[in-house]
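Enquirer: The sequence and its predicted three-dimensional model are supplied below.
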2 protein chains.
Amino acid sequence: MNTKLKWLRDKIKMQNMQGFIITNPINVKYLTNIDAEGILLITRKENIFITDGRYMEHVRQILTIDDEIVVMNFKDICLEDYENFFIFCENVGFEENYMTYAKYKEYKQKFKINNFEETEYIIEKQRMIKDEKEISNIKEACRITDNCFEHLKSYIKIGMTEIQIADEIQKYFKENGADGLAFETIVASGVNSSKPHAIPTNKKIALGDPITIDMGCKYNGYCSDMTRTIFAGEILESVKTIYDIVLKNQIKVSEQLKDGEMIKNICKNLEAEFKLNGFDLIHALGHGVGLDIHELPTVSSKNDINLKENMIITNEPGIYLPGQFGVRIEDTVLITKNGSINLTKSDKNYIIVR
Amino acid sequence: MNTKLKWLRDKIKMQNMQGFIITNPINVKYLTNIDAEGILLITRKENIFITDGRYMEHVRQILTIDDEIVVMNFKDICLEDYENFFIFCENVGFEENYMTYAKYKEYKQKFKINNFEETEYIIEKQRMIKDEKEISNIKEACRITDNCFEHLKSYIKIGMTEIQIADEIQKYFKENGADGLAFETIVASGVNSSKPHAIPTNKKIALGDPITIDMGCKYNGYCSDMTRTIFAGEILESVKTIYDIVLKNQIKVSEQLKDGEMIKNICKNLEAEFKLNGFDLIHALGHGVGLDIHELPTVSSKNDINLKENMIITNEPGIYLPGQFGVRIEDTVLITKNGSINLTKSDKNYIIVR
């Protein structure tokens, strides 16, 4: 059995649970490496993955005997089987933040579960701390992202559309070893950059536009996430002022990131700095990155946990002036014992494309 | 107020609900055209969309005064506001098949809801029947998909990789008026075609390969879905036999699709035909298509509802021989009073690329 499944078995035992139904496919992938629709049952004696005909072949190819995971097809399971899976289990865990209310009711009845226990992001909390292999996958995703940005510096020309640039990013990722996009790329120029979550449009890059590019790829399922705001032809003074505030504060944040620091304190410092300049931070300062592009920990002033070694998070302050423009600068960052390491390393000086 | 919101208000009134919290973003888009994270509240007097800073500008651009939707920012809402939204409402609906168990508990408490009522896919069931505008969007998505397939017939050459072909499909969609992919394209050649949900690989198309291409795009948010299995250089006799069985039965199904017919009967007929030839249908025969690529109705032998005029579903039988190959043929189909119309119209004769 792999170390992650072993960890989970020990963990639920400590919490007096004798079983667990895992339905979030990202958690299933984290624990088993299986990339398929289905549910993972941790029963007293076995690990069981139940899927359907579409995935049986894929799952059998991925698993070996050492995984100690029994694979079953939903259609071969009768009502009595369901009742037997957790027959001597008093408490069975589930993911209350993933499972719908309807499935909760259905499973409680179908599996005849006495106490169906909320597990409070038990697996997601473990996923916050990356192991060596996970770090190396994210590093590689970040390296490809940096290379892509380097390519964009010469590729982007005034007159191109946002969609054209977004397509080039996707093409670059695919041709350079990534699995694909970690999320829908944002390319937002001129007034579009004032929307933090803009969708690329057919608007052409025009002289004087700031261009916010928020992009990331996946490598072996693990994500990268980086944003740079660059400039078409020239930098307007009004934009430069905002850029400088964002960059200064992004660096200030990165100097505070360190094992043991409280997340909310770092966020509050940033918000106070922004306020001094007359601006609000209208989204979280960052988020964990891993198999999901957004995972724990949320990096916001509401989160009172401490940073820990081998967490990987984003540091992405931004200022947005509706109807005018916006600036965001973001890195993917590894937390270490003594500080932090930016895994995305692209230039943050003024970059002007022509 | 638009007709869809009016319909919902009447509908919940008939079911003795005085309020509704809509959290599924596809349902929010269906009802309001808003494409953003957030929740839609139907209260006694108002329609309220609550979102966050990232989406305020986008939402304000989309809505007009005629929509009669109040927009609020989560961060401006205090505990007391939450308690007031449904203050004289005895029963408030929610989407039990979308809302997580955790959110259910949180909202029940936060909004001080007496009876938080399951609504049994109330909106999804309405979404099954498409209006004129929805049909015209799906028709356009299907037309682009047909044109893409026409292009592929001359584009695909022996020696290309599956990924190369999948990328070309995505490029074609983007350059020809689609919003983008409706789902991750499947290009599965040779032995890969034996997996119904194969992911495109770097495998090169080889002489004698069957190639299953399952693709669809979105137009104004609405999806198309089509599969064809074509052949590289030649058709092996063993493959031809299977192809003929699949095609014959796909056509037989399309002849039975009609307003008033029971879905499960049509599926059972197909399964019986397959069984006679010694094969199983290992996935559903089809699914509804609309804003979601997979929506109601499920076209399977377990669904005992009747087809209705203006439903749009897929008809996609397939036979898969593990370790050998597979064949699937799929159309997107509009149900009419007297029969059905294939909205995807690409050739289903043997197509050989070289």
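Expert: All right, it came through fine.
Enquirer: how about chain A, which residue sits the furthest from its center?
Expert: Largest separation from the mean C-alpha position in chain A: residue A:80, at 38.9 Å (Cα atoms, centre = their mean).
Enquirer: Point me to the helix or strand that includes that residue.
Expert: Using DSSP states H and E, residue A:80 sits within helix A:79-85.
Enquirer: List of residues touching that helix?
Expert: A:19, A:41, A:43, A:48, A:110, A:111, A:112 (Cβ atoms under 8 Å, 6 or more residues apart in numbering or on different chains). C-beta here means a position set from N, CA and C on the backbone, and glycine is covered the same way.
Enquirer: Can you tell me which of these is nearest residue A:327?
Expert: residue A:41 (48.1 Å; Cβ to Cβ).
Enquirer: and that closest one, that's in a strand?
Expert: Yes - Residue A:41: assigned to a strand according to DSSP: H, G, I helix; E, B strand; the rest coil.
Enquirer: what residues does the stretch 51-200 of chain A put near chain B?
Expert: Neighbours of chain B within the stretch 51-200 of chain A, by Cβ under 8 Å from any Cβ of the partner chain: A:52-58, A:94, A:96-102, A:104-105, A:118, A:163, A:167, A:170-171, A:174, A:194-197.
Enquirer: Keep only those of those residues that are in helices.
Expert: Taking DSSP state H, the ones among those that sit in helices are A:56, A:57, A:58, A:101, A:102, A:104, A:105, A:163, A:167, A:170, A:171, A:174.
Enquirer: Need the buried ones from those residues selected in PyMOL.
Expert: To isolate in PyMOL the members of those that are buried, counting by 16 or more other Cβ atoms under 10 Å in any protein chain shown, one can use:
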select buried, chain A and resi 56+57+58+101+102+104+163+167+170+174
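Enquirer: Quick check: the farthest pair among the ones in helices among the residues of the stretch 51-200 of chain A next to chain B?
Expert: Pairwise over those, using Cβ to Cβ, the maximum falls at A:105 and A:171, 45.5 Å.
Enquirer: Let me know the helix or strand that residue A:107 is in.
Expert: helix A:101-110.
Enquirer: average pLDDT across that helix?
Expert: Here helix A:101-110 scores 98 as its mean pLDDT.
Enquirer: what's that helix in contact with?
Expert: Taking Cβ under 8 Å, 6+ apart as the rule, helix A:101-110 contacts A:21, A:23, A:79, A:82-83, A:94, A:96, A:99, A:113, A:116, B:94, B:96-97, B:99-101, B:104, B:118.
Enquirer: Also stretch A:5-17?
Expert: A:1, A:18-20, A:31-32, A:42, A:47, A:68-69, A:89-93, A:117, A:119, A:122-123, A:126.
Enquirer: Go through that stretch and flag the buried ones.
Expert: A:5, A:8, A:11, A:12, A:17.
Enquirer: Farthest-apart pair in the residues you listed, please.
Expert: A:5 and A:17 (14.6 Å).
Enquirer: The residue of the stretch 51-200 of chain A found nearest chain B - nearest residue in space that isn't next to it in sequence?
Expert: Nearest to chain B in the stretch 51-200 of chain A, going by Cβ to the nearest Cβ, is residue A:53, at a distance of 3.2 Å. Counting by Cβ to Cβ, 6 or more residues apart in numbering or on different chains, residue A:53 lies nearest to residue B:282, which is 3.2 Å off, once chain neighbours are set aside.
Enquirer: Now do that neighbour, the pLDDT please.
Expert: Confidence score, pLDDT, at residue B:282: 91.
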